[in-house]
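Trainee: just to be clear, the model below is a prediction. Sequence and coordinates:
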Amino acid sequence: MPLVSSSGNSRRALPRAGRALPRAGRTLPRAGRALPWALVTPALGWTLLFFVLPFIAMGFSSLTAHEGGGFTLSNYSQFFTNPSYWQAMVNSLEVTAIVTVVSVLLAYPFAWILAEQVPERWQRLALMLAVLPFWTSYVVRSYSWLLVLAQNGVINRALTGSGLITEPLQLANTRLATVTGFAHFFVMLLTLTIFANLKQLSPSYRKAAADLGAGPVRTFMHVILPLTLPGIMVGAFLTFVLCIGDYITPQILGGNNELLMPQLVMMQIGRRGDFPLASALSIILMAVVTFAYLACARWLKIERA
Amino acid sequence: MRQLVRVVSWVYALAVYGFIFLPVVVLVLFSLQATSFPIPPFTGPSLRWYEAVLSDVRLTSALVNSLLVASISSATAVTLGFLCAWGFARFVLPGSGLLRGLITLPLTVSYLIIGMGLLVLFNWAGVPKSLLAAGIGHVVINLPLCFAIIYSQMGDHQINIERAARDLGAPEWKVLLLITVPVMAPAIFAGFFLSMTFSWDEFVISFLLTRFDTTLPVEIWNLLRSGLNPKTNAVGSLVFAVSIVLVVLFELTLLRRRKA
């Protein structure tokens, strides 16, 4: 995944002297100072205008009162005083943590099997199959789980039909449904990243461990697992970021029984048109993600193979 | 022992494949349902829901909108990303590291927050909700991706070819169009393709920034209000089929390139 490693893609050090890169250190004959800026300005301008500026606008908005405008901190203080808002953050963090752990635990052995047990020539096909549903539309994927988990859906019909239970289970509109929908997506994503990680390991590590007398279990625990840990961390962080900011899956599968942060934000816009409060809640959500990033930054540093 | 590991591996892998494919199989199977509920027992096969989808003007126009937004926003993102990557890879700019960080920053922010920000900004500036507004948002999310992919692929050997062209008297624009673009074509293609798929599937930004004319994911979302409905299954299966065709084409082009 280019998503995380890309940010640290600082290539070899560029020569300091000339402005032009060619190693000889010559400056470009016809390229004035204007050319490089002309190349990067459109992209920078777009980012400033449509990413940074909206963010500033959101910051201002979060500090104004919904009724009548004017400066206020109440949008932020509401978050800490209103238990239902606070609860949404707790729910979000709990669901995200569960999803991240479950997805890693499911995906790691799967990726390992694909990389180690499946014959080389079938690996590409096996991997492609494993991530095929990745390409269904996000909205449709959550809806598909609804079909499986609904009151009269596939699982309940199978269970009642076989006589295992008499009353259908409440599966949809629960936290379990949200977690299942999320895990489905992130198992595929993590399988991809962990598989790539396992394949990058040089076989000589394993040979060296074997030569030094380690059995397969010991080799795995002391060599393979530690070496793939950075990749797992990157994947887990990606899962965390994508999961905590997602609106679709909890809205479709979790329903409104238990609100997560993105649902709360959307509710402020949809039902009440309360942009200031929605802005404040978005900024709080982003602050949490940033904290998570800073906490993991140590492990995320490992880039560039 | 080895045998046991093999058996356990097989069982585990099949179970995970089952988990991954269960919803997709259910989705496609019940899109062929003959009656009005996509729940067991299966009553098909029937194509009536596919007919219903194809004769639904809202869905077909949303599909056209989605294609338009995806292709135009991806083309914009890949063009801006490519020019920017070229600028940063070939010239030493003051504050280069910081500026590159700024360009890739949107990757770390969730779509919901990017959409919220644009909604607040456009609301203040009096920009109406429209497909254009959603397209602008899609460029914001895809530009960093295109930039990162293309930038990471700009290596030394390409510099040498460009230098040769310059030594032979080619002006900068010619170097760019006749040398750099063809040499970087795989990365440009990959960036464009990824942007297309992300934009095609993007929901929350389009949901926040469009009103009457909207994209397919938002229109599918509107369908969900009617509860479980085989029509939703049919449109979902169609979207899935299109994506699969695209992915297979992408794989084949990559494979051919690698073999060549």
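Mentor: Sure, I can see it.
Trainee: just the pLDDT at residue A:32, thanks.
Mentor: Residue A:32 carries a pLDDT value of 60.
Trainee: please apply the same query to residue A:118.
Mentor: In this prediction, residue A:118 carries a pLDDT score of 85.
Trainee: next, see if stretch A:154-169 gets close to chain B.
Mentor: Yes. With Cβ under 8 Å from any Cβ of the partner chain as the measure, stretch A:154-169 is seen reaching chain B through A:154, A:157, A:158. Just so you know, the C-beta spots here come from the backbone N, C-alpha and C atoms, and that holds for glycine as well.
Trainee: which positions within that stretch qualify as buried?
Mentor: Across stretch A:154-169, burial judged by 16 or more other Cβ atoms under 10 Å in any protein chain shown covers A:154, A:155, A:156, A:157, A:159.
Trainee: figure out how far it is from the centre of its chain.
Mentor: Taking Cα atoms, centre = their mean, to the nearest Å, one finds the center of stretch A:154-169 at 34 Å from the center of the full chain.
Trainee: what of stretch B:124-133?
Mentor: Remark: stretch B:124-133 is offset 22 Å from the chain centroid, using Cα atoms, centre = their mean.
Trainee: list the contacts of the residue of the stretch 1-150 of chain B found nearest chain A.
Mentor: Per Cβ to the nearest Cβ, the residue of the stretch 1-150 of chain B with the smallest distance to chain A is residue B:110, at 2.5 Å. By Cβ atoms under 8 Å, 6 or more residues apart in numbering or on different chains, the contact list for residue B:110 reads A:241, A:242, A:244, A:245, A:246, A:262, A:285, A:286, A:289.
Trainee: what helix or strand is the first one located in?
Mentor: It refers to residue A:241. Under the assignment given by DSSP states H and E, the secondary-structure element containing residue A:241 is helix A:225-244.
Trainee: what mean pLDDT does the next helix or strand along the chain from that helix get?
Mentor: Using DSSP H and E, the helix or strand that directly follows helix A:225-244 along the chain is helix A:248-249. Per-region confidence: helix A:248-249 scores 90 on mean pLDDT.
Trainee: contacts for the following helix or strand past helix A:248-249 next, please.
Mentor: Sequence order places helix A:261-270 as the next helix or strand after helix A:248-249, per DSSP H and E. Defining contact as Cβ under 8 Å, 6+ apart, one finds that helix A:261-270 is touched by A:85, A:88-89, A:91-92, A:244-247, A:250-251, A:254, A:256, A:259, A:274-275, A:277-278, A:281-282, A:285, B:110, B:112, B:116, B:119, B:208.
Trainee: in PyMOL, select just the buried ones from these.
Mentor: Here is the PyMOL command that selects only those of those that count as buried (16+ other Cβ under 10 Å):
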select buried, (chain A and resi 85+88+89+91+92+244+245+246+247+250+251+254+259+274+275+277+278+281+282+285) or (chain B and resi 110+112+116+119+208)
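Trainee: burial count for the residue nearest to residue A:244 when sequence neighbours are not counted?
Mentor: Once its chain neighbours are removed from consideration, residue A:244 has its nearest residue in residue A:96; the separation is 4.6 Å (Cβ to Cβ, 6 or more residues apart in numbering or on different chains). Applying the criterion other Cβ atoms under 10 Å in any protein chain shown, we find 25 residues in the vicinity of residue A:96.
Trainee: can you name the residues that contact residue A:96?
Mentor: Contacts of residue A:96 (Cβ under 8 Å, 6+ apart): A:239, A:240, A:243, A:244.
Trainee: element containing it, please.
Mentor: When the helices and strands are read off by DSSP H and E, the one containing residue A:96 is helix A:83-116.
Trainee: can you name the element that comes right after that helix?
Mentor: Beyond helix A:83-116 in the direction of the C-terminus, DSSP H and E gives the next helix or strand as helix A:120-130.
Trainee: other SSEs contacting that following helix?
Mentor: Under the contact definition 3 or more Cβ pairs under 8 Å, 6 or more residues apart in numbering or on different chains; DSSP states H and E, helix A:120-130 sits against helix A:83-116, helix A:175-200, helix B:2-31.
Trainee: between those helices, which gets nearest to residue B:95?
Mentor: helix A:175-200 (31.4 Å; Cβ to Cβ).
Trainee: can you pull the buried residues of that closest one?
Mentor: A:175-198.
Trainee: those residues also near chain B: which ones?
Mentor: Subset of these in contact with chain B: A:184, A:187, A:188, counting by Cβ under 8 Å from any Cβ.
Trainee: now render these as JSON lines, adding pLDDT.
Mentor: As requested, those are arranged in JSON lines below (pLDDT from 0 to 100):
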{"residue": "A:184", "pLDDT": "92"}
{"residue": "A:187", "pLDDT": "92"}
{"residue": "A:188", "pLDDT": "91"}
